[in-house]
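K.L.:
Need coordinates for the following:
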Amino acid sequence: MKENQRYRVERHGIDIIPHDQREGAPRQLFFNWAAANFAMGNLVIGGLLPFLGLNFWQCLIALLVMDAFVLVFALTSLYGPRFGSSTMTTSRAVFGLRGNFLPTLLTWVEAVGWEAVNTVLGVLVVVVVIEKLAPGVSGGLITAIALLFMIAGTLLWSLLGHATILHLQRYTSILLAVGFIAMISLLVAHGILFRFNWGHRVSSFAANGAWGSWLIGLMLLVSSAPYGWSNFSAEYSRYLPHTTSPRRVVSSVFWGFTIVSNVVMLVGIMLSLSVRMANPVQDLPKVLPPAFLVPFMVIIVVGLFSANVLNAYTSGLALQAIGVPLPRHQTVVVDMILVAAMGFFALYVYNFVSGFESFLGLMIVWVTPWTAIYVAAYFLDRGPYVPEDLFRKGGRYWFQGGTNWTAMIAFLAGMVAALLFVNDYPLFVGPLTSWVGGGDFSLVAGTVVSLGIYVPLALRERRSIPEAYEAAAEE
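P.N.:
Now for the predicted structure:
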C-alpha cells in the first residue's frame, strides 16, 4: 500500500523513500513553486525596490539578474531523486552526519521564523480588509479568529504531507493566477499601475549611489525568493523516480518559480513607482474598490498559505534531521505550536515582525555558501550514492569523525566573507560594504570564497580515489 496518498497523513519523514513508492512527474514541481511565489511577500519585496532609490529599469535589471540565482536554486532539487530524502538530510552527503548539524539548525530557525512572519502578515491583511468593510467589528476579535484560521489551515495542510501539498498547489496556483490577473486588470482599468515615468525615482539612494543601492536591491530579491527556498527544495522532488530526467526537474522548478516571482515583484515595483506604495499588501485595500476587497483578501490569504505550508513542512523535516526523535506529523505540530505562540505575542504584546525580518535577512550570510557548496558537490561527486549511509555512523558520509572538513571549512569561510559585505541595516552592516558603495556584496563574496576553497580541495580528493572506488561509482 502506498504511504504517500492524498488527504491522508504522510508517514514518511526524512527516511529514504523506497523505489517502489516513488512516482510523479517534474511538472508537479512547476505548480508547487508557482503557487509558492504568488505569496504576497513577493509583492512587498518588489514594492521596496523603488524606495532604495532605483528607477524602473534598474529594478528590472535586478529582477533579471535574480533569475540566474533561481537557476542555482533549481539545481538543488536534483538531490531529491538522487537520494529520496529531504534537503537537510541529503546535505549530510556533503557536510557529514555531524557537520551538517549547524546548517540544519539554521534551516529550522529560518523555516519557523518565516512561518511566524507569514502568519502575522496574513492576520493583518484580514484585519485591514474586515475593518474597512465593517468598521464597527472588534479588531481584537477579528485578530483572534484570523490567527486561529491561519494556524489551523497551515497545520492541516502540512500535516497531511507531500501528496496533498503537491496536489493542492496545482489548484491554488491556477486560482491565484486568475485572481492576480483580475487584480492587475482592475489596477490598469483604474489607471493605477502605469502612473509613473520610466526613469523616475521615488526616493533618494539607500546607499552611496546607484550601484550600492542596486546591490542592496539584488540581495533583497535573492534572499527573499530563490535563496530563501534553496534549503527546502528536495522535499518536493524526493518522491520522483531516481531515473527522472535532471533537465526536466530543473526546467520545471526554474520556470514555475521565475514566471510567477518576476510578474508579482514587477507589479510591486510598478505600484511603488505609481502611488508610492511601500507595502502593497496593507496599502492596496485603500485604493481598491470595495467590491474587490474580499477577493483581494482571499488572494492574499491563499497565497500566504501556499508559501507557509512549505515552511511548515520543511521545518518539521528539519527538526527530524536535527535529531528530534518524533514522527514527521508530530514535529509539524510542535512547530505550529511555537508559531502560534510567536504570532500571539507579535499581535497582542509586541510587534516584533519588522525587527525579526531583519534578523531573517541575515540568513543570506549562511545560505549563500551552503547553496554554492551543495550544488557544486552534486556535480563533483560521482558516487557511488549510498542513501542508507545518510543515517549510518562509519558509512560513506561519515568522513572524518562525522564531518567533511573540506566542505565545513569552505562553508565557514564563505560565511565570514558574506558577513563582511552584508548590509542588513539597521541590524548589521559589514565593515567592507564601503568597498562597494555601501551596498550588499554578500552574495558574490560568500559564493566566490566558498567555491574557491571547496572546489579545488574536492577535486584533489576525487583524484586520490582508488580505481576500485571509481569502478564502484560506474556500477
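K.L.:
which ones are touching the residue lying closest to G361 once chain neighbours are set aside?
P.N.:
Of all residues not flanking G361 in the chain, D424 sits nearest, at 4.7 Å (CB to CB, 6 or more residues apart in numbering). (Each C-beta comes from the backbone N, C-alpha and C, glycine too.) The contact partners of D424, taken as CB atoms under 8 Å, 6 or more residues apart in numbering, are 358, 361-362, 440.
K.L.:
ok, now G212?
P.N.:
Contacts of G212 (CB under 8 Å, 6+ apart): 205-206, 433, 436-439.
K.L.:
And for M150?
P.N.:
119, 122-123, 301, 304-305, 308, 343.
K.L.:
could I get the residues you listed as CSV with neighbour count?
P.N.:
Formatted as CSV, the contacts of M150 follow (neighbours: other CB atoms under 10 Å):
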residue, neighbour count
T119, 31
G122, 29
V123, 25
V301, 21
L304, 25
F305, 24
N308, 29
G343, 26
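K.L.:
So which residues of this protein form strands?
P.N.:
423-424, 428-429 (DSSP state E).
K.L.:
Of these, flag the one that's most buried.
P.N.:
Mean neighbour counts were compared across the strands of the chain using mean count of other CB atoms under 10 Å; the top stretch is strand 423-424, at a mean of 23.
K.L.:
mean confidence for that one?
P.N.:
Averaging pLDDT along strand 423-424 yields 90.
K.L.:
What of stretch 131-151?
P.N.:
For stretch 131-151, mean pLDDT is 84.
K.L.:
now stretch 381-392
P.N.:
88.
K.L.:
same check, this time on stretch 248-262
P.N.:
96.
K.L.:
Can you mark which positions in that stretch are buried?
P.N.:
Under the neighbour-count criterion of 16 or more other CB atoms under 10 Å, stretch 248-262 has 249-258, 260-262 buried.
K.L.:
mind listing which of those are in helices?
P.N.:
Judged by DSSP state H, the subset of the buried residues of stretch 248-262 located in helices is 249-258, 260-262.
K.L.:
before we move on, back to that, just put the buried residues of stretch 248-262 in TSV and tack on distance to S158.
P.N.:
Converted to TSV, those look like this (distance: CB to CB, whole Å):
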residue	distance to S158
V249	23
V250	25
S251	27
S252	22
V253	20
F254	25
W255	25
G256	20
F257	20
T258	25
V260	21
S261	22
N262	27
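K.L.:
of the residues you listed, closest to G394?
P.N.:
Closest approach between the buried residues of stretch 248-262 and G394, by CB to CB: V249, at 31.5 Å.
K.L.:
hang on, that closest one packs against A25?
P.N.:
No: using CB atoms under 8 Å, V249 is not in contact with A25; the gap is 9.8 Å.
K.L.:
residues contacting Y378?
P.N.:
So Y378 contacts 75, 78-79, 82 (CB under 8 Å, 6+ apart).
K.L.:
and which of those is nearest to A445?
P.N.:
Of these, the one sitting nearest to A445 (CB to CB) turns out to be L75, at 20.6 Å.
K.L.:
The closest residue to the closest one other than its chain neighbours: how many residues sit nearby?
P.N.:
Of all residues not flanking L75 in the chain, V375 sits nearest, at 4.8 Å (CB to CB, 6+ apart). V375 has 21 neighbours, counted by other CB atoms under 10 Å.
K.L.:
just G13 next, same as before
P.N.:
Residues near G13, counting by other CB under 10 Å: 20.
K.L.:
ditto for the one 4 residues further on
P.N.:
Counted with other CB under 10 Å, the burial measure for I17 works out to 24 neighbours.
K.L.:
do the same with R247
P.N.:
Neighbour tally, R247, other CB under 10 Å: 10.
K.L.:
Now do it against L78, distance only.
P.N.:
For R247, the distance to L78 equals 10 Å [CB to CB, to the nearest Å].
K.L.:
just curious, which of the contacts of D424 is nearest to M415?
P.N.:
L362 (10.5 Å).
K.L.:
Next one: the closest residue to that closest one other than its chain neighbours from G414, what distance?
P.N.:
Excluding the flanking residues, the one nearest L362 by CB to CB, 6+ apart is D424, at 5.3 Å. Separation of D424 from G414 (CB to CB): 17 Å.
K.L.:
likewise L147?
P.N.:
38 Å.
K.L.:
swap in F296?
P.N.:
Distance from F296 to G414, by CB to CB: 41 Å.
K.L.:
Compare neighbour counts for these two and give me the winner.
P.N.:
Of the pair F296 and G414, G414 is the one with more neighbours under other CB under 10 Å, namely 29 against 22.
K.L.:
so how far is stretch 417-426 off the chain centroid?
P.N.:
Relative to the centre of its chain, stretch 417-426 is centred 20 Å away, using CA atoms, centre = their mean, to the nearest Å.
K.L.:
Buried residues, it. List them.
P.N.:
Within stretch 417-426, judged by 16+ other CB under 10 Å, the buried ones are 417-424.
K.L.:
do stretch 382-391 as well
P.N.:
By neighbour count, and taking 16+ other CB under 10 Å as the criterion, the buried residues in stretch 382-391 are 385, 387, 389-390.
K.L.:
Rebuild these as TSV, extending it with distance to N404.
P.N.:
Formatted as TSV, these follow (distance: CB to CB, whole Å):
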residue	distance to N404
Y385	15
P387	17
D389	13
L390	13
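K.L.:
Could you list the low-confidence segments of the chain?
P.N.:
Counting by pLDDT under 70, the chain contains low-confidence ranges at 1-3, 138, 278-282, 352-357, 464-475.
K.L.:
what about the longest helix in it?
P.N.:
The chain, longest helix under DSSP H: helix 101-133.
K.L.:
quick revisit: pick the one among the ones in helices among the buried residues of stretch 248-262 closest to I453.
P.N.:
Using CB to CB, these come closest to I453 at V250, 25.7 Å.
K.L.:
In this structure that closest one contacts S77, no?
P.N.:
Yes: the criterion here is CB under 8 Å, and V250 meets it with S77 at 7.0 Å.
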